[in-house]
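Peer 1: Model the structure of this input:
(chains A and B)
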Amino acid sequence: AQKVTQAQTEISVVEKEDVTLDCVYETRDTTYYLFWYKQPPSGELVFLIRRNSFDEQNEISGRYSWNFQKSTSSFNFTITASQVVDSAVYFCALRSSNTGNQFYFGTGTSLTVIP
Amino acid sequence: DAGITQSPRHKVTETGTPVTLRCHQTENHRYMYWYRQDPGHGLRLIHYSYGVKDTDKGEVSDGYSVSRSKTEDFLLTLESATSSQTSVYFCAISEAGTAHNSPLHFGNGTRLTVT
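Peer 2: Got it, this is the predicted structure:
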């Protein structure tokens, strides 16, 4: 079975604080792909990053960084020096080679950055 | 931005009436999906298509049907709308690929209210 858990329903931070959004996944497949999406208050869903199961190298893009750890089945997302524009709902998703047509989403984490 | 257009963007309908939502893409992607988004549930897959006239059910398919007669169009039909189908509906597309690492790209959503 494929499952994605985002245990943090809502997070509030003060601007310029760092914040980490947790994502834990379950799959029995050896080849799979993890994704993060952002949904700002305007409602659109924006693709942020993709990570393959065979590439555990962490990635940094500006203030965003992603920590992929197969040992703990986690793909966490950190925002450094948060800004008000980071306020959004963030979704983690899983797609595996055996269920290649389907994506499995977590329930999302709502992040509010307070000025 | 991926060329995905959903129509209508907003709709209010009465219980028991049929409703059709349309998704049109200009990217020639093979896979198309319909999701619904509800508070506390994140994104849940209704139906998806892996080619013209090829469709399959997702986790919340009851009460919904789909059709794909052309690569670019994917229709979602509520045969007899119920209040539980009040939701925001997102269409998404994804490229084909043996690696299954292509992300989803979403339309802007349709807000449906069933009274």
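
Peer 1: Chain B contacts on chain A?
Peer 2: Neighbours of chain B within chain A, by CB under 8 Å from any CB of the partner chain: A:6, A:31, A:33, A:35, A:37, A:43-45, A:47, A:50, A:52, A:91, A:93, A:95-97, A:100-103, A:105-108. Placement of C-beta: from N, CA and C, glycine included.

Peer 1: which of these are buried?
Peer 2: Buried residues within the residues of chain A next to chain B, defined by neighbour count using 16 or more other CB atoms under 10 Å in any protein chain shown: A:6, A:33, A:35, A:37, A:45, A:47, A:50, A:91, A:93, A:95-97, A:100-103, A:105-108.

Peer 1: so what's residue B:31 bridging to?
Peer 2: Taking DSSP bridges, one finds residue B:94 as the beta-bridge partners of residue B:31.

Peer 1: Quick one: residues contacting it.
Peer 2: Residue B:31 makes contact with A:101, B:48, B:49, B:50, B:93, B:94, B:95, B:96 under the criterion CB atoms under 8 Å, 6 or more residues apart in numbering or on different chains.

Peer 1: For chain A, which segments count as strands?
Peer 2: Listed in chain order, the strands of chain A (DSSP state E) span A:3-5, A:10-14, A:19-21, A:24-26, A:32-39, A:46-52, A:59-61, A:64-69, A:74-79, A:88-96, A:104-105, A:109-114.

Peer 1: I'd like to know which of these has the weakest mean confidence.
Peer 2: Ranked by mean pLDDT, the strands of chain A end with strand A:59-61 at the bottom, a mean of 84.

Peer 1: Name every strand pairing with that strand and say which way it goes.
Peer 2: Its sheet considered, strand A:59-61 pairs with strand A:64-69 (antiparallel) by DSSP bridges.

Peer 1: any idea of the angle the partner strand forms with strand A:74-79?
Peer 2: Counting by axes from the mean of the first three to the mean of the last three CA atoms, to 10 degrees, strand A:64-69 points 160 degrees away from the direction of strand A:74-79.

Peer 1: list the buried ones in strand A:64-69?
Peer 2: Neighbour-count burial for strand A:64-69, counted by 16+ other CB under 10 Å, picks out A:64, A:65, A:66, A:67, A:68.

Peer 1: Go ahead and confirm residue A:78 touches residue A:61.
Peer 2: No - with contacts counted by CB atoms under 8 Å, residue A:78 stays clear of residue A:61, the gap being 11.1 Å.

Peer 1: got a list of what residue 16 touches?
Peer 2: You didn't pick a chain, so chain A it is. For residue A:16, the contact set (CB under 8 Å, 6+ apart) comprises A:81, A:82, A:83.

Peer 1: Correction: the question concerned chain B.
Peer 2: Going by CB under 8 Å, 6+ apart, residue B:16 touches B:80, B:81.

Peer 1: Can you point out the helix or strand that includes it?
Peer 2: For residue B:16, there is no host helix or strand (DSSP states H and E).

Peer 1: Kindly provide the distance from it to residue B:88.
Peer 2: Separation of residue B:16 from residue B:88 (CB to CB, to the nearest Å) stands at 21 Å.

Peer 1: Also residue A:1?
Peer 2: Relative to residue B:88, residue A:1 is positioned 26 Å away (CB to CB).
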